[in-house]
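K.L.:
what follows is a protein structure lacking sequence information:
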C-alpha cells in the first residue's frame, strides 16, 4: 500500500485540502410543470484530512453551473488551499454522458475561480488509476448506491433533491472518525461535525407545520428519502470500517476495555452506538467470536448526565474498534 498524500496528514482546518468528484445524472422535475423532466448532477467535496463532506446539486451541464456550486461551497465552507479532482475521462463515478460534458468545460476558467484567494487546482494523472482520488471515490460509490435505493423511481424537484443531498452530507459528517475522549463513561465520539460546527450534531427540533396538506406531504416525503438513505448507507458503510485481512498480516482479537462501535440495524438517523467491551468470549481456536458491550443509551451530541449503563451481546462481526485498550491513556 502506497504512502498517503501529505494533505491527508497535515493538521489543518476542515476543507483546507479537499477532493471533488461528480455523480449522476439525476432526473428532476420542474417545480411548476410537474410533468416536465430535466437532469442535474451531484457534486461531492471531501476534506482530505478530516473526511468532512459537502454535497450539492448542479442544475446544468455548462461550466457556469459548476462554478455556481463552487461559489456556494466556498461561501459556506471557505476557500480551500488546494482542490484535487479528476478530468472528465477519469470521473469513474459519473455516467458516460457526464464525462463527455465535463471534458468540454473551460477548465482554465474554473481554475481562475478562487486564484485571487489562493486556491489551487490539482488534477490526478491517470485514468487507469482512480485510486489517486480514492478519498472521494469510495464515499461517492456508497452514497450513490444508497441514494439510488432511497429515491427509487420517485422524481423530485431541484429544491427537494438539493435538500436531500445537504441532509445526506450532514449524515456523513456525523459518522464516527475517532473517540472524543478516552473516558468510556462519556459515551461520545469524534465526528467531522465536531471540527466544522464545534458540536457533534446540527440537528434542530422539527417545527409545527400549519400550511397546506400538500406541503406537509412533500416535506414528509423528503424526510422519508433521507431516513431511507441513512438505513441503506449505514448498512453498507459499517462493514467498511472493519479492518481487512488484505493489508494486515494478522487480525487483532477484540479485548476487554476496547472502545468500540456497535452496529445496530434499528438505530435512529445519525445515531452511532459507542461502548466498551466488558467481556470477550473466545472459541477453541482462540478467536473472539462474540463480546458483551457496555454503553450509554444517549442520542448523538447529547451530554452524558448519569444515564444507567446498558449491556448488550453482539457478534464480533458487528463490532468496530475505535480505541484499543493498549492505546488508552
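P.N.:
Nice, thanks for sending it over. If you're wondering where the values come from, they're calculated on a predicted model, not measured in any experiment.
K.L.:
what's the neighbour count on residue 36?
P.N.:
For residue 36, the neighbour count with other Cβ atoms under 10 Å is 10. C-betas here are computed from N, CA, C, even on glycine.
K.L.:
so it sits against residue 30, correct?
P.N.:
Yes - using Cβ atoms under 8 Å, residue 36 makes contact with residue 30 at a distance of 3.9 Å.
K.L.:
the protein: strands as residue ranges?
P.N.:
17-29, 37-47, 53-58, 82-85, 120-123, 156-157, 178-179, 189-190, 259-262, 273-282, 288-296, 309-315, 319-323 (DSSP state E).
K.L.:
how far off strand 17-29 does the second one point, in degrees?
P.N.:
Pointing back at strand 37-47 there. On the basis of axes from the mean of the first three to the mean of the last three Cα atoms, to 10 degrees, strand 37-47 is oriented at 160 degrees to strand 17-29.
K.L.:
again with the third one
P.N.:
In terms of direction (the same axes, to 10 degrees), strand 53-58 departs from strand 17-29 by 40 degrees.
K.L.:
summarise which helices and strands strand 53-58 is packed against.
P.N.:
Judged by 3 or more Cβ pairs under 8 Å, 6 or more residues apart in numbering; DSSP states H and E, strand 53-58 is in contact with strand 37-47, helix 63-77, helix 158-172.
K.L.:
out of the ones you listed, which comes closest to residue 18?
P.N.:
Closest to residue 18 of the helices and strands packed on strand 53-58, according to Cβ to Cβ: strand 37-47, at 5.1 Å.
K.L.:
in its sheet, what does the closest one sit against?
P.N.:
Applying DSSP bridges, strand 37-47 is found paired with strand 17-29 (antiparallel), strand 53-58 (antiparallel).
K.L.:
I'd like the ones you listed laid out as CSV, including mean neighbour count, mean pLDDT and distance to residue 70.
P.N.:
Output for those, formatted as CSV (neighbours: other Cβ atoms under 10 Å; pLDDT from 0 to 100; distance: least, Cβ to Cβ, whole Å):
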stretch, mean neighbour count, mean pLDDT, distance to residue 70
strand 17-29, 22, 86, 9
strand 53-58, 23, 91, 9
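K.L.:
got the ones you listed as a markdown table, with distance to residue 46 columns?
P.N.:
Formatted as a markdown table, these follow (distance: least, Cβ to Cβ, whole Å):
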| stretch | distance to residue 46 |
| --- | --- |
| strand 17-29 | 5 |
| strand 53-58 | 6 |
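K.L.:
right, and the ones you listed - which one's nearest residue 72?
P.N.:
Closest among those, once you apply Cβ to Cβ, is strand 53-58, at 6.0 Å.
K.L.:
the closest one vs helix 63-77, what angle?
P.N.:
Using the same axes, to 10 degrees: strand 53-58 against helix 63-77 is 150 degrees.
K.L.:
who are the contact partners of residue 276?
P.N.:
Residue 276 sits next to 184, 257, 258, 259, 260, 293, 294, 295 when contact means Cβ atoms under 8 Å, 6 or more residues apart in numbering.
K.L.:
pLDDT wise, what is the closest residue to residue 20 other than its chain neighbours at?
P.N.:
The shortest distance from residue 20 to any non-neighbouring residue, by Cβ to Cβ, 6 or more residues apart in numbering, is to residue 85 (4.6 Å). Looking at residue 85, its pLDDT is 79.
K.L.:
can you check the one 3 residues further on too?
P.N.:
If you check residue 88, the pLDDT there is 53.
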